[in-house]
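Enquirer: Below is the sequence, then the predicted model.
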Amino acid sequence: MILSDKTIKNLIKSKKLIVESEYWINDVLNNIACASLDIRLWNYFKIFPKKTNKIINLDSKIELEEKYIKDWEYLILQPWDFCLWATKEKFWIPENIVARVEWRSSIWRLWILIHITAWFIDPWFWLNSPSTITLEIKNINTVPVALKIGSKVCQLALETMNESAEMPYNKKPSAKYNWQQKPQESKIKLESNNNI
């Protein structure tokens, strides 16, 4: 069942769902729509090096270039550019809720894809340490598009589970992205061969 605005607000106020922001808590509450919470772009993002002949190998560490942009400045995404970007908000998801990162229609109409693949967030993701969400962003427009730091580019929808997870994310042997603060590149190398 998807949670309503009233339920999301009550979960945040009671600290059963933690949303930390550089802004005041009232700003977080004001970003709650009828069934979701708008989330913003943070200052840090990562990109693949533009001029390289290096092949990405799933068995080796994948390293991207980290960039920083000041508040309210822009990153211009050229056509077909791709980057990993962190959210300004940090989250702690309880054991009986899953979250989904969903597109905002106004951003999609610019042909900017936000978090197009790994949109599902497990319960107890970031246990004991609220952390950012890494967004996968791609410009499939025919023209460059400027994205401003602090912009609300996507939304978080929350759903209750029929019962608490028996194996929440923080207890999974394969959990690789707990406690992330900046955008994280793929850590598939950390998986055993049995999981590939």
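Expert: Perfect, I can see it now.

Enquirer: C-alpha from now on. contacts and neighbour counts both.
Expert: Fine.

Enquirer: buried ones in stretch 43-57?
Expert: By 16 or more other Cα atoms under 10 Å, the buried positions in stretch 43-57 come out as Asn43, Tyr44, Phe45, Lys46, Ile47, Phe48.

Enquirer: Repeat that for stretch 33-40.
Expert: With burial defined by 16+ other Cα under 10 Å, the residues of stretch 33-40 counted as buried are Ala33, Ala35, Ser36, Leu37, Asp38, Ile39, Arg40.

Enquirer: ok, now stretch 68-86?
Expert: Using 16+ other Cα under 10 Å, the residues of stretch 68-86 that count as buried are Tyr74, Leu75, Leu77, Gln78, Pro79, Asp81, Phe82, Cys83, Leu84, Trp85, Ala86.

Enquirer: mean confidence score for stretch 93-105?
Expert: Looking at stretch 93-105 alone, the average pLDDT works out to 89.

Enquirer: Restrict that stretch to CA atoms and write it as CSV.
Expert: Once non-C-alpha atoms are left out, stretch 93-105 reads as follows in CSV (Å, rounded to 0.1, in the frame of the first residue of the first chain):
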residue,chain,number,x,y,z
ILE,A,93,14.1,3.5,5.9
PRO,A,94,12.5,1.3,8.6
GLU,A,95,12.3,-2.4,8.5
ASN,A,96,8.6,-2.6,7.4
ILE,A,97,8.8,0.0,4.5
VAL,A,98,10.2,-0.1,1.0
ALA,A,99,10.9,3.1,-1.0
ARG,A,100,10.8,3.8,-4.7
VAL,A,101,12.6,6.6,-6.5
GLU,A,102,10.1,7.9,-9.1
TRP,A,103,10.5,10.4,-11.9
ARG,A,104,8.9,13.9,-11.8
SER,A,105,6.9,14.4,-15.0
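
Enquirer: Distance from that stretch to the middle of the chain?
Expert: The chain centre lies 10 Å from the centre of stretch 93-105; the measure is Cα atoms, centre = their mean, to the nearest Å.

Enquirer: quick one: buried residues of it?
Expert: For stretch 93-105, burial by neighbour count (16+ other Cα under 10 Å) applies to Ile93, Pro94, Glu95, Asn96, Ile97, Val98, Ala99, Arg100, Val101, Glu102, Trp103, Arg104.

Enquirer: Max pairwise distance over these: which two?
Expert: When Cα to Cα is used, the two most widely separated members of the buried residues of stretch 93-105 are Glu95 and Arg104, lying 26.3 Å apart.

Enquirer: about what we covered before: nearest to Leu156 among the buried residues of stretch 93-105?
Expert: Distances from these to Leu156 were compared by Cα to Cα; the smallest belongs to Val101, at 4.7 Å.

Enquirer: and the spatially closest residue to Ile2 that is not a sequence neighbour, how many residues sit next to it?
Expert: Of all residues beyond its chain neighbours, the one nearest Ile2 is Glu159 (4.4 Å), with distances taken as Cα to Cα, 6 or more residues apart in numbering. As a burial measure, the neighbour count of Glu159 was computed by other Cα atoms under 10 Å and equals 15.
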